[in-house]
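here are the coordinates; sequence isn't available:
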DNA sequence: TATATGTTGAA
DNA sequence: TCAACATAT
């Protein structure tokens, strides 16, 4: 039996390939609303998972592998559900790919125990990383805390550490079990999202192929411009496992003469992003705090993060009075996705200008992102909040207006998501005057950027060097 | 994956 | 006047 999780694909799926070597296989997927709620899985991602399960059922059927979808109450019900199936179908061994989040690891251990008690064997594989997490260590045997050092070691070891692409399994003889997705039919989800983010491995592969063309020409120049669709947009497919990072890297390497660094500028730049994803997954593997709402830099939890509901709501709703922020938040809520440059700008604004707890922003993103992934989302937020490993230095605070002028120079992106500002010229659109704002019924800026950034710098500075600030020192 | 501010020197 | 550069946060 193969237990599917966030690896909803038949190509490059080590657990599936290995299981099918040994004998007749049935596939199972267990889901629960409560677990989705607890992990803040967005409606967009729920739809993509449901769609992907339907698509997976068809792909597996071509291999004569039946898929059983079981709906349980929560994580705790997973071992029992699997145990029931193991008894019902006289299963002798369970195959699955590992996950590294704390809850997922606990769940896997519980499953392993209960399966072994039944006398069945367990075979676990790695599919979510390009190299096994825990295998990229410094000479002192410690995990890397700085991306550039991690990248160097990752590249140096890639040749002998990289997980090979799992070969495509041949179909098995027809067995006397048929697919059963009836419990999946009862799962409520909003199928509208599937229009924007169609499910299916074929869709993911198409997008990868199309992107490689664009990447090699324009990625370096356009990847930071939210008004241009210059990024791969593959993250939703990576998040549900319709595609693996190994497949992405293999494709990129083929287009770059096997070079992990250098060669084609655009492709090398994208490979760098794939390594960031890998880095954050390794960081999550080594640091359980990532899965437990705690900062990697412990001392930053002493910062007096504000818990201002009204201000937080304005950020969520895109009513901050800063066009680039507001347009970005509209993009998130309406499309389930936000451009990476904008994720940094909005996160930096929430944490450094509004000084609101990064965890509120992290959760809001998870609740709306179709590509929500704990490791990547938490990594990005802790980078922006300066609470993580290799985080942005606390004094390097983005100015949303400067960023807007630099990365959305003619206001194309702002105009798309804030049509009320469409009439403003390229100069004014980044920061409408009070008169323009009033006329267009657009909110005034909710904070003074330099004052708020200055306060945050001071709070961080006092955290690391606790001294009386100059301003209140006498003499 | 920064920004604000101040200095310098060419025009 | 302003680009180029240095520097502090």
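That came in fine, so what should we check first? No experiment lies behind these values; they were computed from the predicted model shown. Residues are numbered from 1 along each chain as shown, chains lettered A, B, ... in the order given.

Next one: the residue most central in space within chain A relative to residue A:444, how far apart?
What sits nearest the mean C-alpha location of chain A, by Cα atoms, centre = their mean, is residue A:373, with 3.2 Å. Per Cβ to Cβ, to the nearest Å, residue A:373 is found 36 Å from residue A:444. For the C-beta atoms, the positions are set from N, CA and C on the backbone; glycine is no exception.

Show me where the stretch 1-150 of chain A has its strands.
Counting by DSSP state E, counting those that start in this stretch, the stretch 1-150 of chain A has strands at residues A:2-4, A:27-31, A:67-71, A:93-97, A:121-125.

how about the ones you listed, which one is nearest residue A:186?
Among the strands of the stretch 1-150 of chain A, the nearest to residue A:186 by Cβ to Cβ is strand A:67-71 (6.6 Å).

That closest one - contacts with which helices or strands?
With contacts defined as 3 or more Cβ pairs under 8 Å, 6 or more residues apart in numbering; DSSP states H and E, strand A:67-71 has these neighbours: strand A:27-31, helix A:43-62, helix A:77-88, helix A:182-185.

Mean pLDDT and mean neighbour count for those - can I get that in TSV?
Formatted as TSV, those follow (pLDDT from 0 to 100; neighbours: other Cβ atoms under 10 Å):
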stretch	mean pLDDT	mean neighbour count
strand A:27-31	97	22
helix A:43-62	98	21
helix A:77-88	96	17
helix A:182-185	94	14
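
pretty sure the residue nearest to the centre of chain A is touching residue A:240, no?
No - here residue A:373 does not reach residue A:240: they are 9.4 Å apart, not a contact under Cβ atoms under 8 Å.

any idea how far residue A:204 lies from DNA strand C?
Separation of residue A:204 from DNA strand C (Cβ to the nearest atom of the strand, to the nearest Å): 41 Å.

for that residue, helix, strand, or coil?
Following DSSP: H, G, I helix; E, B strand; the rest coil, residue A:204 is assigned to helix.

State the pLDDT value of it.
Looking at residue A:204, its pLDDT stands at 98.

ditto for residue A:463
For residue A:463, the model assigns a pLDDT of 88.

doesn't residue A:301 make contact with it?
No - the criterion here is Cβ under 8 Å, and residue A:463 misses it with residue A:301 at 10.0 Å.

For those two, indicate the residue with more neighbours.
Counted by other Cβ atoms under 10 Å, residue A:463 and residue A:301 do not tie: residue A:463 has more neighbours, with 16 against 11.

What helix or strand is that one located in?
Taking DSSP states H and E as the criterion, residue A:463 maps to helix A:449-464.

Please spell out which residues along that helix are buried.
Going by neighbour count (16 or more other Cβ atoms under 10 Å), the buried part of helix A:449-464 is A:449, A:452, A:453, A:456, A:459, A:460, A:463.

which one in these is the model shakiest on?
At the low end of pLDDT for the buried residues of helix A:449-464 is residue A:463, which has 88.

so who does that residue touch?
Shown in contact with residue A:463 (Cβ atoms under 8 Å, 6 or more residues apart in numbering): A:299, A:300, A:302, A:303.

how about the helix holding residue A:463, does it reach DNA strand B?
Yes - using Cβ under 7 Å from any atom of the strand as the criterion, contacts between helix A:449-464 and DNA strand B involve A:449, A:450.

isn't residue A:333 right next to residue A:368, touching?
Yes - counting by Cβ under 8 Å, residue A:333 does reach residue A:368; the two are 5.7 Å apart.

which residues are common contacts for the two?
Shared contacts of residue A:333 and residue A:368 (Cβ under 8 Å, 6+ apart): none.

which of those two has more neighbours?
Shown here are residue A:333 and residue A:368; by other Cβ under 10 Å, residue A:368 has more neighbours (22 against 16).

Now for the more buried one: which residues touch it?
Counting by Cβ under 8 Å, 6+ apart, residue A:368 touches A:42, A:44, A:332, A:333, A:336.

what about the fourth one, distance to residue A:404?
Spelled out, that is residue A:333. According to Cβ to Cβ, residue A:333 stands 19 Å off from residue A:404.

Isn't residue A:24 up against residue A:172?
Yes - between residue A:24 and residue A:172 there is a contact under Cβ under 8 Å: 5.7 Å.

And those two? Which one has more around it.
Each of residue A:24 and residue A:172 has its neighbours counted (other Cβ under 10 Å); residue A:24 has more, 17 against 14.

Excluding sequence neighbours, find me the nearest residue to the more buried one.
What sits nearest to residue A:24 in space, not counting adjacent residues and going by Cβ to Cβ, 6 or more residues apart in numbering, is residue A:175, at 4.9 Å.

What of residue A:365?
Sequence neighbours aside, residue A:377 is the residue nearest to residue A:365 in space, at 5.6 Å (criterion: Cβ to Cβ, 6+ apart).

got a pLDDT number for that neighbour?
We have a pLDDT of 98 for residue A:377.

which parts of the stretch 1-150 of chain A sit against DNA strand B?
Selection of the stretch 1-150 of chain A residues close to DNA strand B by Cβ under 7 Å from any atom of the strand yields residue A:147.

Sorry, slip of the keys, the one I care about is the stretch 351-475 of chain A.
A:383, A:392, A:395, A:396, A:397, A:398, A:399, A:402, A:403, A:406, A:449, A:450.

Ok, the stretch 201-350 of chain A next?
A:224, A:276, A:340, A:341, A:344.

any chance of these in TSV, with secondary structure and pLDDT too?
Putting these into TSV (DSSP: H, G, I helix; E, B strand; the rest coil; pLDDT from 0 to 100) gives the following:
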residue	secondary structure	pLDDT
A:224	coil	95
A:276	helix	97
A:340	helix	97
A:341	helix	97
A:344	helix	98
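
Any stretches of the stretch 101-250 of chain A with poor pLDDT?
Applying pLDDT under 70 to the stretch 101-250 of chain A picks out no residues at all.

Residues in contact with stretch A:88-97: which ones?
Where contact means Cβ under 8 Å, 6+ apart, the residues beyond stretch A:88-97 that reach it are A:1-5, A:7, A:13-16, A:18-19, A:22, A:25-26, A:82, A:85-86, A:108, A:111, A:115, A:120-128, A:177.

Quick check: buried residues in that stretch?
Neighbour-count burial for stretch A:88-97 flags A:89, A:91, A:93, A:94, A:95, A:96, A:97 (criterion: 16+ other Cβ under 10 Å).

The last one pairs with what?
For residue A:97, the beta-bridge partners under DSSP bridges are residue A:125.

With residue A:234 as the reference, measure out to it.
Residue A:97 is 19 Å from residue A:234, by Cβ to Cβ.

With the first one instead?
Relative to residue A:234, residue A:89 is positioned 35 Å away (criterion: Cβ to Cβ).

what does the second one give?
Residue A:91 sits 34 Å away from residue A:234, taking Cβ to Cβ as the criterion.

Also the third one?
When Cβ to Cβ is applied, the distance between residue A:93 and residue A:234 equals 33 Å.

do the fourth one as well
Distance of residue A:94 to residue A:234, given as Cβ to Cβ: 30 Å.

ditto for residue A:286
Distance, residue A:286 to residue A:234, by Cβ to Cβ: 25 Å.

can you count the residues close to residue A:446?
Using other Cβ under 10 Å, residue A:446 has 18 other residues around it.

got the contact list for it?
A:311, A:314, A:319, A:320, A:321, A:322, A:354.
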